[in-house]
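# Okay, structure incoming, though there's no sequence with it:
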């Protein structure tokens, strides 16, 4: 049983999460969030992989050979683009924090404490 | 107790718990590479016959799961609008970025050759997206890199002149609105929202797939505009910071 791809996904997820928890900067936080999100891509694509499979494009495909799962590929494809836009939003928030408070360290932003 | 230790005390037990949950969740899934997915098998067996598109992934994105993609488009639109709103409204309107990159003649000529080529690759990737691997998402991102190349090989002024704000903003809103409106064609025909009711054409040809082709292009326009808009805002910030630093010296 090959569990290596799934272990890689779990490890990436936890590594990103560790970064989020220990983060001292909103920019670092955004990048760690992106790492956590990448773990889901590894997990999705590993779930969809079929040994000796072929790409899910019927034009020019070999008859009888199994196709890899197109559903998880579609999910990953759209989410990669979405994650870039969301990352930009998080980074612009970090920039705004720097502009108004002069720091990107959440610990030093006393005024925002509830 | 220091803040560091409190953080660690909260993190380690929850990480162990979450790690355990992940392992437990992954334990019973089929072996890597051997899975038989009923939905995937049904799709790869029927998409070309039903919708006359040969790229099953595009068929899933723009037809069978077109509703999910509508959600994704709205997320991208909201995130990009938020970025533009946050950065544009908090910027000092009186300060213009005076610092610009100066590139050599050779770099500019290389840009003149590379930019049209990249645009061509983007159009090709997007237009054949439902025949061969590709699609509006990929094509849109490639098109946006062409806009970024005009800055890298030319100047910021040139980059902004070639991608005017009304065009980019309009394309972003228009692309997303287009996607949502194309979904209404199904309603007008008396079917469900985003139902593929247009004629499907012949498989492997460009005018095929019905609404898949239209949604593919709407997505391409929206994504390209979204990426260019992000580049605009962050480049403006970067150059303003450079200008400020120079004036401060």
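Received, thanks. Given the structure is predicted, the values throughout are model-derived calculations rather than measurements. Numbers count the residues shown, from 1 in each chain, chains lettered A, B, ... in the order given.

# Please count neighbours and contacts with C-alpha atoms only from this point.
Will do.

# Tell me which residue is most central in the chain.
You didn't pick a chain, so chain A it is. Using C-alpha atoms, centre = their mean, the residue of chain A that lies closest to the mean C-alpha position is residue A:37, 2.0 Å off.

# hm, I was asking about chain B
The centre of chain B sits closest to residue B:223, judged by C-alpha atoms, centre = their mean, with a distance of 3.8 Å.

# okay but that residue is in contact with residue B:143, surely?
No - under the criterion of C-alpha atoms under 8 Å, residue B:223 makes no contact with residue B:143, lying 9.1 Å away.

# Mind telling me what element the residue nearest to the centre of chain A is part of?
Using DSSP states H and E, residue A:37 maps to helix A:26-48.

# what sits up against that helix?
Residues from elsewhere that reach helix A:26-48 (C-alpha atoms under 8 Å, 6 or more residues apart in numbering or on different chains): A:5-6, A:8-17, A:19-20, A:23, A:68-73, A:76, A:83, A:87, A:90-91, A:94, A:104-106, B:32-33, B:35.

# which of those residues count as buried?
Among the contacts of helix A:26-48, those classed as buried by 16 or more other C-alpha atoms under 10 Å in any protein chain shown are A:6, A:9-17, A:19-20, A:23, A:68-73, A:76, A:83, A:87, A:90-91, A:94, A:104-106, B:32-33, B:35.

# Now do the nearest residue to residue B:209 once chain neighbours are set aside against residue B:63, distance only.
Closest residue to residue B:209 apart from its sequence neighbours, by C-alpha to C-alpha, 6 or more residues apart in numbering or on different chains: residue B:200 at 4.6 Å. Applying C-alpha to C-alpha, to the nearest Å, the value for residue B:200 to residue B:63 is 12 Å.

# Looking at these two, which is more packed in?
Using other C-alpha atoms under 10 Å in any protein chain shown, the more surrounded residue of residue B:200 and residue B:63 is residue B:63, with 24 against 18.

# which residues touch that one?
By C-alpha under 8 Å, 6+ apart, the contact set of residue B:63 is B:194, B:195, B:196, B:211, B:212.

# now chain B, which segments are flagged as low pLDDT?
Residue ranges of chain B with pLDDT under 70: B:1, B:249.

# near chain A, anything from whichever helix in it runs longest?
Longest helix of chain B, by residue count under DSSP state H: helix B:211-248. Yes - Helix B:211-248 lies within reach of chain A by C-alpha under 8 Å from any C-alpha of the partner chain, at B:223, B:226, B:227, B:230.

# And residue B:168, how far from residue B:237?
Counting by C-alpha to C-alpha, the gap from residue B:168 to residue B:237 is 18 Å.

# and stretch B:115-128 with chain A, contact?
No - for stretch B:115-128 and chain A, the contact criterion (C-alpha under 8 Å from any C-alpha) is not met; the two come no nearer than 11.8 Å.

# Verify the stated contact: residue A:103 with residue A:97.
Yes - with contact defined as C-alpha under 8 Å, residue A:103 and residue A:97 form a contacting pair (6.7 Å).

# picking up where we left off before, which is the next helix or strand following the helix holding residue A:37?
Note on helix A:26-48: by DSSP H and E, the next helix or strand toward the C-terminus is helix A:70-101.

# ok now that following helix, how far from the chain's centre?
Put simply, helix A:70-101 sits 9 Å off its chain's centre (C-alpha atoms, centre = their mean, to the nearest Å).

# ok and that helix relative to helix A:26-48, angle-wise?
Angle, helix A:70-101 to helix A:26-48, by axes from the mean of the first three to the mean of the last three C-alpha atoms, to 10 degrees: 180 degrees.

# model confidence over helix A:70-101, on average?
Averaging pLDDT along helix A:70-101 yields 91.

# Is chain B within reach of it?
Yes - using C-alpha under 8 Å from any C-alpha, helix A:70-101 reaches chain B at A:70-71, A:73-75, A:77-79, A:81-82, A:85-86, A:88-89, A:92-93, A:96.

# Any quick ChimeraX command for the buried ones out of the residues you listed?
Remark: buried members of these, expressed as a ChimeraX selection using 16+ other C-alpha under 10 Å:
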select /A:70,71,73,74,75,77,78,79,81,82,85,86,88,89,92,93,96
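
# dump the residue contacts of residue B:163.
B:147, B:228 are the contacts of residue B:163 under C-alpha under 8 Å, 6+ apart.

# which phi and psi does it have?
Backbone torsions for residue B:163, taken as degrees, to the nearest 10, come to phi -120, psi 70.

# Now flag whichever of the contacts of residue B:63 is closest to chain A.
When these are ranked by distance to chain A (C-alpha to the nearest C-alpha), residue B:212 comes first, at 13.9 Å.

# which residues does the closest one contact?
Counting by C-alpha under 8 Å, 6+ apart, residue B:212 makes contact with B:58, B:59, B:62, B:63, B:130, B:196.

# Just put these in JSON lines and tack on secondary structure and distance to residue B:39.
Rendered in JSON lines, the data for the contacts of residue B:212 read as follows (DSSP: H, G, I helix; E, B strand; the rest coil; distance: C-alpha to C-alpha, whole Å):
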{"residue": "B:58", "secondary structure": "helix", "distance to residue B:39": "15"}
{"residue": "B:59", "secondary structure": "helix", "distance to residue B:39": "13"}
{"residue": "B:62", "secondary structure": "helix", "distance to residue B:39": "16"}
{"residue": "B:63", "secondary structure": "helix", "distance to residue B:39": "14"}
{"residue": "B:130", "secondary structure": "coil", "distance to residue B:39": "19"}
{"residue": "B:196", "secondary structure": "coil", "distance to residue B:39": "19"}
